[in-house]
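Colleague: Here's a sequence, model it:
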Amino acid sequence: MITETGRVVALRGDRAWVQTIRTSACQSCSARTGCGQKVLAAASGGRANQILVSNSVNARVGDEVTIGIDDQALLGASFLVYAVPLLLMVAASVIGHQVSGGHDGVSMLAAIVGLGLGFVAGRHLQRAGDVDYEPRLVRINRIDSESCL
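Modeller: Numbers count the residues shown, from 1 in each chain. Predicted coordinates:
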């Protein structure tokens with residue numbers, strides 16, 4: 001499970017808004033020189049990110065919490081977002097090229113249509129699956145007041 005620590009900043013029904021800052025993880029990561037996450041963190045200036053998650057641990061505003069997402073769910077979501085549209089784009093481009101007798105314009109148009117169909121198919125597959133792709137609250141991080149003395 002991939003986890004991140006954050007603070008509950010608001011509650012909305014049975015869901016909680018959790019604020020996280022991702023830059024701290026980049027400083028100790030061995031892959032930081034070639035990682036896109038570091039570039040995004042640098043571009044955002046280390047600003048806080050907020051995510052809406054199910055409040056399954058009854059957290060309150062101000063609580064420090066750990067949110068997490070299952071590794072397999074993250075891999076599956078990445079496949080649906082990146083691989084499905086890319087594969088359908090390439091397949092549609094090849095089919096368009098073959099059907100048109102080698103015309104590049106038809107091949108490019110077919111690639112755009114295939115990419116669009118890939119996004120629609122990925123969204124449909126995400127909704128139809130039984131995997132929960134959303135992060136969830138794992139626990140409330142209690143700080144022992146005696147250990148701080």
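Colleague: Please count neighbours and contacts with C-alpha atoms only from this point.
Modeller: Will do.
Colleague: Break the chain into its domains for me.
Modeller: The chain breaks down by automatic domain parsing into domains covering 2-70+134-140, 72-128.
Colleague: Can you check the pLDDT for C148?
Modeller: Per-residue pLDDT puts C148 at 47.
Colleague: hmm, who's touching stretch 54-63?
Modeller: 7-11, 14-16, 65, 136-141 (CA atoms under 8 Å, 6 or more residues apart in numbering).
Colleague: Among the residues you listed, which lie within helices?
Modeller: Secondary structure assignment (DSSP state H) places none of these within helices.
Colleague: Between those residues, which sits nearest I112?
Modeller: Checking the contacts of stretch 54-63 against I112 with CA to CA, the nearest one is R136 at 34.9 Å.
Colleague: Can you report how many residues lie near Q19?
Modeller: 20 (other CA atoms under 10 Å).
Colleague: hmm, back to that, could you tell me which of the contacts of stretch 54-63 are located in strands?
Modeller: 7-11, 15-16, 65, 136-140 (DSSP state E).
Colleague: I'd like these as JSON lines, with pLDDT and neighbour count appended.
Modeller: Converted to JSON lines, the ones in strands among the contacts of stretch 54-63 look like this (pLDDT from 0 to 100; neighbours: other CA atoms under 10 Å):
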{"residue": "R7", "pLDDT": "88", "neighbour count": "23"}
{"residue": "V8", "pLDDT": "90", "neighbour count": "23"}
{"residue": "V9", "pLDDT": "91", "neighbour count": "15"}
{"residue": "A10", "pLDDT": "91", "neighbour count": "16"}
{"residue": "L11", "pLDDT": "91", "neighbour count": "17"}
{"residue": "R15", "pLDDT": "90", "neighbour count": "17"}
{"residue": "A16", "pLDDT": "91", "neighbour count": "25"}
{"residue": "V65", "pLDDT": "90", "neighbour count": "23"}
{"residue": "R136", "pLDDT": "83", "neighbour count": "22"}
{"residue": "L137", "pLDDT": "86", "neighbour count": "24"}
{"residue": "V138", "pLDDT": "88", "neighbour count": "17"}
{"residue": "R139", "pLDDT": "89", "neighbour count": "17"}
{"residue": "I140", "pLDDT": "88", "neighbour count": "19"}
